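J.: My questions are about this predicted structure, shown below with the sequence.
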Amino acid sequence: AGLTAPDNVICGAELFISLRANYYEASNPNGLGDTIGFAFSDADSGQQALGMDLIGVFQYPIGEQPTGSGFLPYIWGNTNNPQTATVTIDLAQFPHWQGNGKTVNLLPRLNAAGLLDLWVQDDTGVDYASLHLDYCAATRSEVGEFNYFDDTITDTNPATPSAGLSTYVTGTTTAPIVGVDAPEGVLAHTFTGLTNVCGGLLTMRLRPSGNPVNDTIKLGWFDVNGQPLAPAWSSQLSSQILGWPQTAVDPLEPPEYILTLDLANLHSSPNENGPFTDLTDTMNQYGYLDVIVGDHTSVDFIWLDVVHCCDFDSAIPDVGDAPDSSNNAGLPMLTYSNTVTATFPTVFIDPNSTLYGMYHNNFSAEAWLGTDISGENEADFLPDDDGIPNISAWDNVADRDGADDGVLLATIDLPTCGTTSFDFNVYKNPAGSVGTWYLNVWFDFNRDGDWDDLFTCLDDSNQTVTVYEWAVADHVIVPSGGLEKFTTPSFTAASEAGTQQWLRVTLSSIALPPNALNPTTELGDGRGPIEGFEFGETEDYLIDIPAVAGCGVGADGFVTGTVTDSDSGSPLANVNVAAFRQDNGGNWIPAGGVNTNSSGQYTLTLPADTIYHLYLTQPHGTHQPQFYNGTTIENAGGVYVSACSATSGLTHGMQAAPPPASDYFDFRVSSISHANVDNFWRVSTGGNFNIRLVGHHTES
């Protein structure tokens, strides 16, 4: 409760729920029917809150249903083992039960009610639920006052229709044009001064009078002659929005409603759950909005809350989108196939850290990387021009900025150890006032989840060179205007074939200040200044390192994996991993092989676009030879190899070999009592053997 804020509207809302499927019966898996639901009820009475239209209760399956609907991609609860999962729900795009990709925007109801009722039914446990809200400053235009339809009070903000709107109303109905609080007649008003609008909420308090069965709300634009300039949106109150009484009501106790319409997501009826109509572009085009309500519906007040959006001449703040464990959720983020904790400084302000991410205020449009830039105030919160935060620690998801387009990725070629460069584009506003710009580049060359390292490696000439993850430092460029291509200065790089690295590229109007450097190394590590940059953009990329240089047609692929002992899980060194393929006659022939290293790991280089079967042998014979996922070469598990990529994660567990056929076995028995000795002893190399105890020596 208490979700509204003065002079603000809720413009973004995400709900995170950690769930556990607790109950299961094979004949009746109850968790299959569990749902997550929302309502907006009066805090005291528990009744549906005033102002909610007929789409007042919303629910959606937790687990996937036969219709395809469901938050989670599997049948929730249909297992003997309890399942856990975290569901993320964007309340601006709540999915419709019937699927088909339709969604419902719950933000208008959230703003109108100021509360959100949540339920989770009923064989699913809830560990926690967290509601994250984003507020946007709004300008409000008011018609009438909140005085409960008292027409004896003179309202300070009367309804004022334009001349064209008045002409339209008088030409289409015989009912008189009236003001607020009037029991009968058509209320008409023109809201003006609507420019640079990216969203708006129209809120009105309504009460039926007489016989309102055919009453409608119409939103449109009419010229001075009363002619429509664009298609109007209209909806019948009785059947489509509020469920107005179909017959006359008791005038002493009529129902009252506070209706809130999201002008960017208008629905045609409660059963279709659009959104279908967005009026913001047309409001920006004409600069006003005509509102008509009538004619047996009394209006107490109308509020228009307008949210202004970023355009070419307004602020477009920007941050990065690399994973950052110093986030506002306080949760660790993993990268590189979830094997490394990511500590890239992306979140600008995090209460859990003193490390500031990159932030560009962009109070005016000066320059950025590539052709586009999307605005966001923070990396892990809304609002965001892309509609989703750049990163989400709850889902361990990053790299979601929709306007990272400055780096020409095809020009990136990172050697194993050597010098390189790449190309990038910069757009500079021809009318901008900043001439000199600075480029900074970071690579996570050693793939340890940060950009603060320097180390040495041997280049192709067998010379020791130093690699800085701050690859390009304060490189000066002077764009001439428009979109222009540049090349970075040469830098020393390091890479591992077939892996990935995080890259950060920052364009700013000043060089990195001292407070954007690591105080220990005095080097840039991807963090930003505490005050943020005045202008520019930061783009983060998860780049793929080709498995081989010069990858193209006919290039090889790779198979990587680990061989372990089946019983202990310990890695096995010097195991030969041999690949076999079928020839044209269907015969299995050798295609290559390699031995595992001391960590049990191997990498096989093989011609691509072929299926291989793998055979494992150990020269010293302590483990049995075997095929990967099979007992013979024919039924072994196939491994498909693609060009320039690695088929990885293949773990083979080898079983211990049986002892040799001999009359004598080495074994050791400790602390035995001759009074209580079993006839069978298990030898460490496997197998049961009949042991006759023929003597007992107490000292050995």
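T.: Received, thanks. Numbers count the residues shown, from 1 in each chain.

J.: what distance separates the start and the end of stretch 557-577?
T.: Start-to-end span of stretch 557-577 (C-alpha to C-alpha, to the nearest Å) is 16 Å.

J.: ok, now stretch 169-187?
T.: 9 Å.

J.: Quick check: buried residues in that stretch?
T.: By 16 or more other C-beta atoms under 10 Å, the buried positions in stretch 169-187 come out as 169, 177-183, 185-187. Heads up, the C-betas are built off the backbone N, CA and C, glycines and all.

J.: Next: stretch 525-538.
T.: Those would be 525-529, 532-538, for stretch 525-538 by 16+ other C-beta under 10 Å.

J.: ditto for stretch 451-462
T.: Under 16+ other C-beta under 10 Å, the buried positions of stretch 451-462 are 451-453, 457, 459.

J.: ok, Arg400 - contacts?
T.: By C-beta atoms under 8 Å, 6 or more residues apart in numbering, Arg400 lies in contact with 321, 386, 388-392.

J.: now, which of those residues sits nearest Thr436?
T.: Nearest to Thr436, judged by C-beta to C-beta, of these is Asp321 at 26.5 Å.

J.: and the gap between that closest one and Pro383?
T.: With the distance defined as C-beta to C-beta, to the nearest Å, Asp321 ends up 15 Å from Pro383.

J.: Which residue of the two possesses the greater neighbour count?
T.: The residue with more neighbours, out of Asp321 and Pro383, is Asp321; 30 against 21, by other C-beta atoms under 10 Å.

J.: any idea how far Glu537 is from the more buried one?
T.: Taking C-beta to C-beta, one finds Asp321 at 12 Å from Glu537.

J.: Trp119 too?
T.: In terms of C-beta to C-beta, Trp119 sits 43 Å off from Glu537.

J.: And Ser480, by the same measure?
T.: From Ser480 over to Glu537 (counting by C-beta to C-beta), the distance is 18 Å.

J.: Let me see the contact set for the nearest residue to Tyr286 once chain neighbours are set aside.
T.: Among residues not flanking Tyr286 along the chain, Trp221 sits closest, at 4.9 Å (C-beta to C-beta, 6 or more residues apart in numbering). Shown in contact with Trp221 (C-beta under 8 Å, 6+ apart): 228-230, 232, 282, 286, 288-290.

J.: cool, and Val307?
T.: 9, 11, 136-138, 197-200.

J.: Quick one, which of the residues you listed are buried?
T.: Buried among the contacts of Val307 by 16+ other C-beta under 10 Å: 9, 11, 136, 138, 197-200.

J.: Filter the residues you listed down to just the ones in strands.
T.: Within the buried ones among the contacts of Val307, residues falling in strands by DSSP state E are 9, 11, 136, 197-200.

J.: so what strands line up beside the host helix or strand of Leu503?
T.: Leu503 is part of strand 500-508 when elements are defined by DSSP states H and E. Next to strand 500-508 in the sheet, as set by DSSP bridges, lie strand 437-443 (antiparallel), strand 536-544 (antiparallel).
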